[in-house]
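Colleague: make a model of this:
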Amino acid sequence: MNAPATITSDLSRLHRARDKVARLVVADPAYAPIFQRLELEIAEAEAAGDILARARAVAQMARGDRTSR
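Modeller: Residues are numbered from 1 along each chain as shown. The predicted structure follows:
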């Protein structure tokens with residue numbers, strides 16, 4: 001399974017869910033905890049994507065360092 005594609009699709013799914021729940025919260029604040037949880041999951045997914053991007057950059061630089069020696 002391709003991790004970046006999975007993170008992107010999960011993030012897209014979370015955004016859509018958050019948007020729907022936001023409308024529910026406006027109608028009934030009882031849904032606010034679900035909205036907060038979705039916002040937290042979105043932040044975590046975005047952070048995971050950042051970590052993967054940084055790790056790829058470091059790995060690419062490490063490969064480049066080996067070839068230049």
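Colleague: not counting sequence-adjacent ones, nearest residue to the spatially most central residue of the chain?
Modeller: Closest to where the C-alpha atoms of the chain average out (CA atoms, centre = their mean) is A45, at 2.4 Å. In space, and not counting its chain neighbours, A45 is closest to L11: 4.7 Å by CB to CB, 6 or more residues apart in numbering. Yep, even glycine has a C-beta here, placed from its N, CA and C like the rest.
Colleague: tell me the spacing between that neighbour and M61.
Modeller: For L11, the distance to M61 (CB to CB, to the nearest Å) stands at 26 Å.
Colleague: tell me which of the two has more neighbours.
Modeller: Neighbour comparison, L11 and M61: the larger count goes to L11, with 17 against 10 (by other CB atoms under 10 Å).
Colleague: that one contacts G49, correct?
Modeller: Yes - L11 lies in contact with G49 (CB atoms under 8 Å); the separation is 7.2 Å.
Colleague: average pLDDT for stretch 60-69, rounded please.
Modeller: Averaged across stretch 60-69, pLDDT comes to 71.
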